[in-house]
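Chemist: Predicted model follows, preceded by the sequence.
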There are 2 protein chains.
Amino acid sequence: MPRKPVARDAVLDAFEALLIEVGERAATLDAVAKRAGVSKGGLLYHFPNKEALITALLERLDLLADEDTALMKAAPDGSAAYFIRSSLWADTPMDRAFVAATRLAEVAHEETRRRFAAIQQRWLDVLAEDVGPDVAKAVSYMGDGLYFNAIFEGGQEGGNAGREADVDILLGVLDRLRK
Amino acid sequence: MPRKPVARDAVLDAFEALLIEVGERAATLDAVAKRAGVSKGGLLYHFPNKEALITALLERLDLLADEDTALMKAAPDGSAAYFIRSSLWADTPMDRAFVAATRLAEVAHEETRRRFAAIQQRWLDVLAEDVGPDVAKAVSYMGDGLYFNAIFEGGQEGGNAGREADVDILLGVLDRLRK
DNA sequence: GTCTATACGCCGATAGAC
DNA sequence: GTCTATCGGCGTATAGAC
């Protein structure tokens, strides 16, 4: 098991946070280093170039997506309800990695786009087991819509105030579709 | 009525196309000028700085969103069905302006985010008249989800192949909710 | 109205000290 | 393992010719 220095994780956390809060363009090596409390040279010891930073973020995302899919499958009230609830911004490690990666996909980063497609497909498969293929599509798009909106708030706390009620509404609609 | 030179529109079109196809980062003044077939200096005669280019794009978006909302209200099979159908990438002027502006919002451009929120609210109001507030929310999020996915394809034609079927599925789900 | 030339800053990355 | 110093390149913007 490869040991990973704390500084490395701190840098990755800083990169993630900047992507979420100020967007891809402002998530420069200088900014990341400053936020992580290291020098640019120090940062580049852990990640030889920016692409390595992105790769590490995508690996983190894959790992968290796997864990999340397992939880989703095991959810007591069904994976569809779990999926809708978890599509709300809750500042979880998974939320953070997902939204941060979204910023990169928007900048036409191909590898990031491929990862998203793969994760989405897995989710869709699990959803279909719960509610059938058609409603699964509807639920999947609703979840994407929730993320789409979360993305525009820069990971702020207040932005969710109105949307927690929305999740309840969506769960209600889902209930009508189950019957 | 202010006359707008063709060159100006060509520049704006080029900016929009680059945002869609290669993302915000690559939509530089150099790239926009080249694509529009003018020099950088020529570009900067029409738009004194990059912010002016963004402002013009947002004005175009507002105009198209107004037209679209009117069509939505008048749709024969209801605004909800119209909304879902029109959330699929169809390379319309509205689609292009919307997705292009999305790229800017992702980069934490505040004014762009405000415009989006306003447009979304108007849509939601129209949808609620058709299907009630709860289903309106569900439909709204599904539409956002469709756009969220369109965004990851860079405005390519092929990307829609699978999603046209998805729209039919969503319309079917909507029908079940109307009853 | 459109062009070329140029100023200037910031970003990613390298070299090398400690 | 972390730092400072520095380079080359690109992106925005200005000046001024045509």
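Modeler: Arrived safely, thanks for sending.
Chemist: Chain B contacts on chain A?
Modeler: A:21-26, A:102-103, A:105-108, A:113, A:116-117, A:133-135, A:137-138, A:140-149, A:151-152, A:154, A:166, A:169-170, A:172-173, A:176-177 (C-beta under 8 Å from any C-beta of the partner chain). Using the backbone N, CA and C atoms, a C-beta is placed for each residue, glycine as well.
Chemist: and the residues you listed, which are buried?
Modeler: Buried by 16 or more other C-beta atoms under 10 Å in any protein chain shown: A:21-24, A:102-103, A:105-108, A:113, A:116, A:134-135, A:137-138, A:140-149, A:151-152, A:154, A:166, A:169-170, A:173, A:177, out of the residues of chain A next to chain B.
Chemist: how long is stretch A:152-168 from one end to the other?
Modeler: 21 Å (C-alpha to C-alpha, to the nearest Å).
Chemist: before we move on, which element is the most centrally placed residue in chain A in?
Modeler: For chain A, residue A:98 is the residue whose C-alpha lies nearest the centre (C-alpha atoms, centre = their mean; 1.5 Å). Element membership of residue A:98, judged by DSSP states H and E, is helix A:93-106.
Chemist: helices and strands around that helix, which ones?
Modeler: Judged by 3 or more C-beta pairs under 8 Å, 6 or more residues apart in numbering or on different chains; DSSP states H and E, helix A:93-106 is in contact with helix A:6-22, helix A:50-73, helix A:110-131, helix A:133-151, helix B:93-106.
Chemist: Nearest approach to DNA strand C belongs to which of those?
Modeler: Closest approach to DNA strand C among the helices and strands packed on helix A:93-106 (C-beta to the nearest atom of the strand): helix A:50-73, 3.7 Å.
Chemist: is DNA strand C contacted by the closest one?
Modeler: Yes. Applying C-beta under 7 Å from any atom of the strand, one finds helix A:50-73 touching DNA strand C at A:50-51.
Chemist: Just the angle for the following helix or strand past that helix relative to helix A:133-151, thanks.
Modeler: Using DSSP H and E, the helix or strand that directly follows helix A:50-73 along the chain is helix A:79-86. Orientation note: helix A:79-86 sits at an angle of 10 degrees relative to helix A:133-151 (axes from the mean of the first three to the mean of the last three C-alpha atoms, to 10 degrees).
Chemist: and helix A:79-86, how far out from the chain's middle?
Modeler: From the chain centre to the centre of helix A:79-86 is a distance of 15 Å (C-alpha atoms, centre = their mean, to the nearest Å).
Chemist: ditto for stretch A:126-143
Modeler: The chain centre lies 19 Å from the centre of stretch A:126-143; the measure is C-alpha atoms, centre = their mean.
Chemist: hmm, who's touching that stretch?
Modeler: Here stretch A:126-143 makes contact (C-beta atoms under 8 Å, 6 or more residues apart in numbering or on different chains) with A:69, A:72-73, A:78-80, A:83-84, A:87, A:120, A:123-124, A:170, A:174, A:177-178, B:138, B:141-142, B:145-146, B:149, B:166, B:169-170, B:172-173.
Chemist: quick check: mean pLDDT across it?
Modeler: For stretch A:126-143, the mean per-residue pLDDT is 98.
Chemist: Convert that stretch to PDB, retaining C-alpha atoms only.
Modeler: Output in PDB follows, covering the C-alpha atoms of stretch A:126-143 (Å, rounded to 0.1, in the frame of the first residue of the first chain):
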ATOM      1  CA  VAL A 126     -28.400   0.400 -10.400                       C
ATOM      2  CA  LEU A 127     -31.400   2.700 -10.700                       C
ATOM      3  CA  ALA A 128     -33.000   0.500 -13.400                       C
ATOM      4  CA  GLU A 129     -32.900  -2.500 -11.000                       C
ATOM      5  CA  ASP A 130     -35.000  -0.400  -8.500                       C
ATOM      6  CA  VAL A 131     -37.600   1.400 -10.700                       C
ATOM      7  CA  GLY A 132     -37.200   0.000 -14.200                       C
ATOM      8  CA  PRO A 133     -35.400   1.500 -17.200                       C
ATOM      9  CA  ASP A 134     -37.800   4.400 -18.000                       C
ATOM     10  CA  VAL A 135     -38.200   5.900 -14.500                       C
ATOM     11  CA  ALA A 136     -34.500   5.300 -14.000                       C
ATOM     12  CA  LYS A 137     -33.800   7.600 -16.900                       C
ATOM     13  CA  ALA A 138     -36.100  10.200 -15.400                       C
ATOM     14  CA  VAL A 139     -34.400   9.900 -12.000                       C
ATOM     15  CA  SER A 140     -31.000  10.100 -13.500                       C
ATOM     16  CA  TYR A 141     -31.800  13.300 -15.400                       C
ATOM     17  CA  MET A 142     -33.300  14.800 -12.300                       C
ATOM     18  CA  GLY A 143     -30.200  14.000 -10.400                       C
END
